[in-house]
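Chemist: Requesting a structural model of the entry that follows:
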Amino acid sequence: MRRRYGGIARLLFLSIGTLVLVASTATGVFVYAMVRSTLIRQSVTEAQSMAQGAVVNLSHELKTHRSRTLAEDMADLATAGTYVLLTTRHGQFLLSKGTPPPSQPARGWSGAPASGWIRVQSTPYAYARRALSIGGHTEYLVVVHAEPYVQTLLDSLRYILVLAEALLVVSLLLGTHLVVRDLTSPLERLRAFADRVARNPGLKERLPTTGALYEADLVTTGFNQMLDRLALAQERERQFASDAAHALRTPVQVIRGYSTSLTRWGQLDPALRSRSLAALQAETSGLGDLIERLLVLSRLDIDDVHATYRAVSLPEFFDRHAPELHDTTMHHALDVTVEPGLTAWTDEALLLTVLRTLLENADAYARPGTPVAISASRSGPGVAVRVTNQGPAIPPDELLHVFERFRRGPEAADSRHYGLGLAIADRVREHLGAEWLVTSADDETVFGLILPARPADAPLSEGRAGGPGPNAEGPGTI
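Modeler: So this is what the prediction gives:
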């Protein structure tokens, strides 16, 4: 298919082509004017030299050869192409020899400047006027020299310049076309590829970089990155829709079952009515918590998190949030142990969120009568915050999947434990720039975080860290 110029290409081509045409024309005119001016100066200089030489020769002849007439001496000066004219100081004609030019200056030879240049019928003439003393009187000798070769040279030069300019313009316009094509072809590729993406939003193909034009490769790379982000957003939307459908199915079925029981037998059995209403209240309350967690997970997935990182004193943090942490462990006592003077570089709200999630998870799986513990201590260059519970050990193969969504163990103490808590905690952990520290063995399970102690320990200015990067610590560590 024949390639047509678009708006940008047409504008570039016309702009550059106009500049090339103007520049080449101006260059040709400048060269022609410079050569013409140089030739004129040379011709006038030659005429001045001829006039000065004629005055010297005539003065010498008048003194040494008195037998010769002035007309004979002037005839010797009037060689081919040279016209010699003698006038008075007031411009009156006295004598001339040679072929006179077809025309003369508007003010006459005596009224014109002492030297100059005229052009008559395509033939240039250079002239010069000098004073000549004859018999005690001062007269003026005018020497006019035809310069036909100068006009021939100028005509040839003009022809050559026009031809060279035409060739130059054609070659530069061709080069401009190639440059414009190279500049706009990446845009055309992007447009065509964007049309394909619009027709097929799920397209996995990406536009390759050519390496021919650095700026075009930058645009192509940015376009590919945009497609990657759009694909990721679409995948997260599909994941969220799937998660929501999976999570809401069970509580909706429970609510539907109790509603059916109330409709059929609620009026006949007051005890059944009371149990059903209590169960409906509990399920609707849990359903609200589930929806809130799904929304939190969605915001974390799209990075809609506004975090403020600073140095947080952990002893003060645990003192300030002790009531919230104790309320999270509804079924077990909470023990808190923090090294004095311990500081972590983190966001306080996000840290509280992940700790409450870990405490809720520990409270759900700890054995009755056993406490849940939080400890904070130094761990290498960072700070380790651990949540420990005493309960059934998590099998090593199961430990690899604990952060997956809707993954819940069979021993949960709370029937409304939906399996989203650790998935949320893992996304928050990414925003904190922390690493997981997880062990489960010998009737004790630990979920911990290694937090950075200083800003330089993690690229927190970007708000994200690398993969989970768990530490190896004992059996079952991930």
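
Chemist: Going by C-alpha atoms from here, please, whenever you check contacts or count neighbours.
Modeler: Will do.

Chemist: Please identify the buried residues of the host helix or strand of R130?
Modeler: Assigned by DSSP states H and E, R130 belongs to strand 123-134. Across strand 123-134, burial judged by 16 or more other Cα atoms under 10 Å covers 123-132.

Chemist: Return, as residue ranges, the portions of the stretch 251-400 of the chain with sub-threshold pLDDT.
Modeler: Applying pLDDT under 70 to the stretch 251-400 of the chain picks out residues 251, 266-267, 282-283, 285-307.

Chemist: Domain map for the protein?
Modeler: 7-159, 233-299, 306-462 (automatic domain parsing).

Chemist: can you put the ones you listed in TSV and add distance to S185?
Modeler: Compiled in TSV, the domains of the chain are given as follows (distance: least, Cα to Cα, whole Å):
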stretch	distance to S185
domain 7-159	9
domain 233-299	29
domain 306-462	35
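
Chemist: Could you identify which of these is most buried?
Modeler: domain 306-462 (a mean of 18; mean count of other Cα atoms under 10 Å).

Chemist: chain center to it: distance?
Modeler: Here domain 306-462 is found 42 Å from its chain centre; the criterion is Cα atoms, centre = their mean, to the nearest Å.

Chemist: ok so, going back, just give me the closest of the buried residues of strand 123-134 to M50.
Modeler: Closest approach between the buried residues of strand 123-134 and M50, by Cα to Cα: A128, at 8.1 Å.

Chemist: State the pLDDT value of that closest one.
Modeler: Looking at A128, its pLDDT is 89.

Chemist: That one bridge partners, please.
Modeler: Going by DSSP bridges, A128 is paired in beta bridges with S115, V143.

Chemist: That one against S43, yeah?
Modeler: No. Using Cα atoms under 8 Å, A128 makes no contact with S43, being 10.3 Å away.

Chemist: Toward the C-terminus from the longest helix seen in the chain, list the very next helix or strand.
Modeler: Taking DSSP state H as the assignment, the helix of the chain that covers the most residues is helix 7-64. Note on helix 7-64: by DSSP H and E, the next helix or strand toward the C-terminus is helix 70-77.

Chemist: Now do that next one against strand 123-134, angle only.
Modeler: Following axes from the mean of the first three to the mean of the last three Cα atoms, to 10 degrees, one obtains 140 degrees for the angle between helix 70-77 and strand 123-134.

Chemist: how much does helix 70-77 deviate in direction from helix 7-64?
Modeler: Inter-element angle recorded for helix 70-77 and helix 7-64: 140 degrees (by the same axes, to 10 degrees).

Chemist: following helix 70-77, which helix or strand comes up?
Modeler: With elements assigned by DSSP H and E, the helix or strand that comes after helix 70-77 is strand 82-87.

Chemist: Pairing partners for that next one, with directions?
Modeler: Strand 82-87 pairs in its sheet with strand 93-97 (antiparallel), strand 137-146 (antiparallel), by DSSP bridges.

Chemist: What helices and strands are in contact with the longest helix of the chain?
Modeler: Using 3 or more Cα pairs under 8 Å, 6 or more residues apart in numbering; DSSP states H and E, the elements in contact with helix 7-64 are helix 70-77, strand 115-120, strand 123-134, strand 137-146, helix 148-199.

Chemist: So for R356, which of those sits nearest?
Modeler: helix 148-199 (42.9 Å).

Chemist: V354 and R429 touch, don't they?
Modeler: Yes. Using Cα under 8 Å, V354 is in contact with R429, at 7.4 Å.

Chemist: Need phi/psi at A80.
Modeler: The phi/psi pair for A80 (degrees, to the nearest 10) reads phi -60, psi 130.

Chemist: Enumerate every residue touching it.
Modeler: Counting by Cα atoms under 8 Å, 6 or more residues apart in numbering, A80 touches G98.

Chemist: For S156, see how far away it is.
Modeler: To S156, A80 is 24 Å away according to Cα to Cα, to the nearest Å.

Chemist: Repeat that for H90.
Modeler: Between H90 and S156 the computed distance is 41 Å (Cα to Cα).

Chemist: before we move on, what about E61?
Modeler: From E61 across to S156, the span is 42 Å (Cα to Cα).

Chemist: again, but for S122
Modeler: Look at S122 and S156: by Cα to Cα, they are 14 Å apart.

Chemist: do the same with K97
Modeler: Note on K97: its distance to S156, by Cα to Cα, is 32 Å.

Chemist: With G448 instead?
Modeler: Remark: distance between G448 and S156 (Cα to Cα) = 92 Å.

Chemist: do the same with H331
Modeler: Using Cα to Cα, H331 is found at 108 Å from S156.

Chemist: neighbouring contacts of stretch 196-205?
Modeler: Stretch 196-205 is contacted by residues A231 when judged by Cα under 8 Å, 6+ apart.

Chemist: Could you number the chain from 688 rather than 1 from now on?
Modeler: Got it, first residue is 688 now, which makes that one stretch 883-892.

Chemist: buried sites along it?
Modeler: Neighbour-count burial for stretch 883-892, counted by 16+ other Cα under 10 Å, picks out V884.

Chemist: Can you check the distance spanned by it, start to finish?
Modeler: One end of stretch 883-892 to the other measures 10 Å (Cα to Cα).

Chemist: next one: stretch 762-782
Modeler: 10 Å.

Chemist: What residues are recorded as beta-bridge partners of A1071?
Modeler: With DSSP bridges as the criterion, A1071 is bridged to S1064, I1137.

Chemist: so who does the residue nearest to A1128 when sequence neighbours are not counted touch?
Modeler: Excluding the flanking residues, the one nearest A1128 by Cα to Cα, 6 or more residues apart in numbering is A1080, at 5.3 Å. Taking Cα under 8 Å, 6+ apart as the contact definition, A1080 lies against 1127-1132.

Chemist: Check the residues you listed and tell me the two furthest apart.
Modeler: Within these, two members stand farthest from each other by Cα to Cα: D1129 and T1132, at 8.2 Å.

Chemist: ok so, going back, out of the contacts of A1080, which are inside strands?
Modeler: Among those, DSSP state E puts 1127-1128, 1131-1132 in strands.

Chemist: Report the lowest-confidence entry in the residues you listed.
Modeler: A1128 (84).

Chemist: All set now, cheers.
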